[in-house]
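Enquirer: Can you look at this prediction? I've put the sequence above it.
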Amino acid sequence: MMLFVAFIFYGQRIQMYIMIREVESRLARLKFIRDEGRKMAISTIKEIGKPQEDPTERVDRFLEYIAIAPESMDPAGVVWKLEHVLDVRDIRFKDEVRLMAPEADEAQLNNLENTLEAALALNIIYKVIRHFYLLGKKTLSLYIIMQLQMVLPLIMREAEAFASALKAFATGQPIGDGAGALVAAKLMHGHEKRRIAQDIVVATVPLEGRTAHVLKSEGPGGNVGKPGDGIRRIIEETEGKIAAIVMVDAALKLEGEKPGDVAEGVGVAIGGPGIDQFKIEESVLKYKIPVNAVIVKEDIGDAVSPMRKEIFDAADTVIQRIKRLILERTKAGDSVIIAGIGNTIGIGQ
Amino acid sequence: MTEKAESPAARTSFFYLAIILVTLILSVIALSLGVTALQGGDASAGSYALVGFIGLALSAYMLLQTQRRPSRVTFEMPQVITTILCQKCGFKNIRDFQRGDYVFKEAEPCPKCNEKMMIASIYREVKEKEKERLS
Ligand SMILES: [Zn+2]
């Protein structure tokens, strides 16, 4: 009898303690991932960069970096402001990594930067979750703890994804996100390349009787470059005489879909903060160039962990789709742009 | 921030063991009380037995939980395979990924025809065990 009374009056409280316990164990896991990531980043820097002094302190300072997004109350021109902030952040990160790892070459610098960014993301995830956990414990508010407990499964997936990304970046393995870059690399391999924008290379390749300007970010170091600038420059160089643009990128799949499935559509297929998408949409609008998208489906874990065989094999399917697409949608002698989007880590050209 | 956080976890697990022990003892007492009450023909025997069984189940469940937790803590590297291909004669060399490998990197000369080989693919194979798909 007493037990029932206790449940009636304290049921919610008991439930809350159970939730707190669950959050606690997840938080311990997050902390473990964060610490392992940090350790791995430091050991990789020591191994590759051969610094004179211990990089630990510098890494710890790096893991606390913040970038403040521009104010968007008056949204006109906010894209350029955001681009500027991200550029400054990027330069700052590169300089910092260069100081940590003086012996690393350009590709290794990019990989180390990516590694540290993954470690930074893990650190922030851990700290935010810890914040809400402590806040919930302090206020004993069921609603704070409940919200936390509800989002935690998704957060954990994201954290595990960042952890595997960190491992891939530290060793320089290609990741699932590089599916687009891989397709472009396969198309442009053996042709002459030139750099057309920051970290973007382009090759002019004959394809099915058309002239294809194939572009991707410059590998094998980990970076995504600025494909928006690259595409704009090609359009300007050809004075808008582009019959079609095909963008190839990895895209998040829905649960139940197979990784490595290929789908087609229209529109600018590119992720990130939206700057490149904006730029490409602006430049194609001027000349009314149709933009086609070919995407390779994968889930968030696959996108940032070493490339799965299914995704690697999808590159050939994508190339077949691109060929069919330009045969159907353009005439012989036309020029097309094929843009392989994504992080090109571990993929040369 | 590194070492200090280790001790609370250890303390909680000790605390939990203590709770489990207390629950266990209390439920055993409740059960024995239930048995004596049953022998005396007392009406409260059922509720004693109920409390005892719930306590037993609870402590068993908690024990199981403490057993299960540590096994989830892992940070292992996935196996990634590099395939090196000879463009001329098709000779294939498959090995584990090494730092510095990248797709389209020139590799060592082919042992068959001495032509420069190239890294043709780098991927991770996933053992499908959990998937039976709805389609
Ligand atoms: Zn050979």
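Expert: Here it is on my side, so go on. Numbers count the residues shown, from 1 in each chain, chains lettered A, B, ... in the order given.
Enquirer: rest of the way, CA atoms for contacts and neighbours
Expert: OK.
Enquirer: What parts of chain B come near the ion?
Expert: B:Cys86, B:Cys89, B:Cys110, B:Cys113 (C-alpha under 5 Å from the ion).
Enquirer: try 6 Å
Expert: Residues of chain B lying close to the ion by C-alpha under 6 Å from the ion are B:Cys86, B:Lys88, B:Cys89, B:Phe91, B:Cys110, B:Lys112, B:Cys113, B:Glu115.
Enquirer: hmm, who's touching the lengthiest strand in chain B?
Expert: Selection of the longest strand in chain B by residue count, based on DSSP state E, yields strand B:116-124. The contact list for strand B:116-124 (C-alpha atoms under 8 Å, 6 or more residues apart in numbering or on different chains) reads A:173-174, A:306-309, A:312, B:78-87, B:97, B:101-110.
Enquirer: List the single closest residue to the residue in the stretch 101-250 of chain A positioned nearest to chain B in space, sequence neighbours excluded.
Expert: Here the stretch 101-250 of chain A gets closest to chain B at one residue, A:Thr171, 5.5 Å apart by C-alpha to the nearest C-alpha. Spatial nearest neighbour of A:Thr171, excluding adjacent residues (C-alpha to C-alpha, 6 or more residues apart in numbering or on different chains): B:Arg99 at 5.5 Å.
Enquirer: hang on, the earlier thing: in ChimeraX, select just the buried ones from the residues of chain B next to the ion.
Expert: With 16 or more other C-alpha atoms under 10 Å in any protein chain shown as the criterion, this ChimeraX line picks the buried residues out of these:
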select /B:86,110
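Enquirer: Who are the packing partners of the helix or strand that contains A:Leu30?
Expert: If you go by DSSP states H and E, A:Leu30 is part of helix A:2-49. Applying 3 or more C-alpha pairs under 8 Å, 6 or more residues apart in numbering or on different chains; DSSP states H and E, one finds that helix A:2-49 contacts helix A:106-139, helix A:142-171.
Enquirer: Turn these into TSV, including mean pLDDT and mean neighbour count.
Expert: Shown next, in TSV, are those (pLDDT from 0 to 100; neighbours: other C-alpha atoms under 10 Å in any protein chain shown):
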stretch	mean pLDDT	mean neighbour count
helix A:106-139	92	20
helix A:142-171	90	20
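Enquirer: could you dump those to TSV with distance to the ion?
Expert: Shown next, in TSV, are the helices and strands packed on helix A:2-49 (distance: least, C-alpha to the ion, whole Å):
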stretch	distance to the ion
helix A:106-139	29
helix A:142-171	28
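Enquirer: Tell me the secondary structure at A:Leu99.
Expert: helix (DSSP: H, G, I helix; E, B strand; the rest coil).
Enquirer: which residues in chain B form strands?
Expert: B:80-86, B:92-96, B:106-109, B:116-124.
Enquirer: How is chain B divided into domains?
Expert: B:8-67, B:80-125 (automatic domain parsing).
Enquirer: Tell me which of those domains sits nearest to A:Gly333.
Expert: Closest approach to A:Gly333 among the domains of chain B is made by domain B:80-125 (29.1 Å; C-alpha to C-alpha).
Enquirer: before we move on, the earlier item: if you average pLDDT over each of the strands of chain B, which comes out lowest?
Expert: Note on the strands of chain B: lowest mean pLDDT is at strand B:106-109, with a mean of 86.
Enquirer: and that one, what does it pack onto?
Expert: Using 3+ C-alpha pairs under 8 Å, 6+ apart, strand B:106-109 sits against strand B:116-124.
Enquirer: Flag every buried residue along the strand it packs on.
Expert: In strand B:116-124, counting by 16+ other C-alpha under 10 Å, buried: B:Met117, B:Met118, B:Ile119, B:Ala120, B:Ser121, B:Ile122, B:Tyr123, B:Arg124.
Enquirer: For these, which two are the farthest from each other?
Expert: B:Met117 and B:Arg124 (21.1 Å).
Enquirer: for the helix or strand encompassing A:Leu182, the distance to its chain's centre please.
Expert: Element membership for A:Leu182 (DSSP H and E) is helix A:179-188. In this view, helix A:179-188 has its centroid 17 Å away from the chain centroid, taken as C-alpha atoms, centre = their mean, to the nearest Å.
Enquirer: Next: stretch A:146-153.
Expert: Using C-alpha atoms, centre = their mean, the offset of stretch A:146-153 from its chain centre is 24 Å.
Enquirer: how about it against chain B, any contact?
Expert: No: Stretch A:146-153 lies out of reach of chain B by C-alpha under 8 Å from any C-alpha of the partner chain, never closer than 14.6 Å.
Enquirer: what's that stretch in contact with?
Expert: A:Met19, A:Glu22, A:Val23, A:Arg26, A:Ile129, A:Phe132, A:Tyr133.
Enquirer: Surely the fifth one touches A:Leu27?
Expert: Yes: distance between A:Ile129 and A:Leu27: 7.2 Å, which falls inside the contact criterion (C-alpha atoms under 8 Å).
Enquirer: what stretches of the chain score poorly on pLDDT?
Expert: You didn't say which chain, so I picked chain A. A:1 (pLDDT under 70).
Enquirer: that's the other chain; I wanted chain B
Expert: B:1-13, B:66-76, B:128-135.
Enquirer: where's the longest helix anywhere in chain B relative to the chain centroid, distance-wise?
Expert: Determined from DSSP state H, the single longest helix within chain B is helix B:6-39. Relative to its parent chain, helix B:6-39 has a centroid offset of 27 Å by C-alpha atoms, centre = their mean.
Enquirer: Thanks again, I'm all set now.
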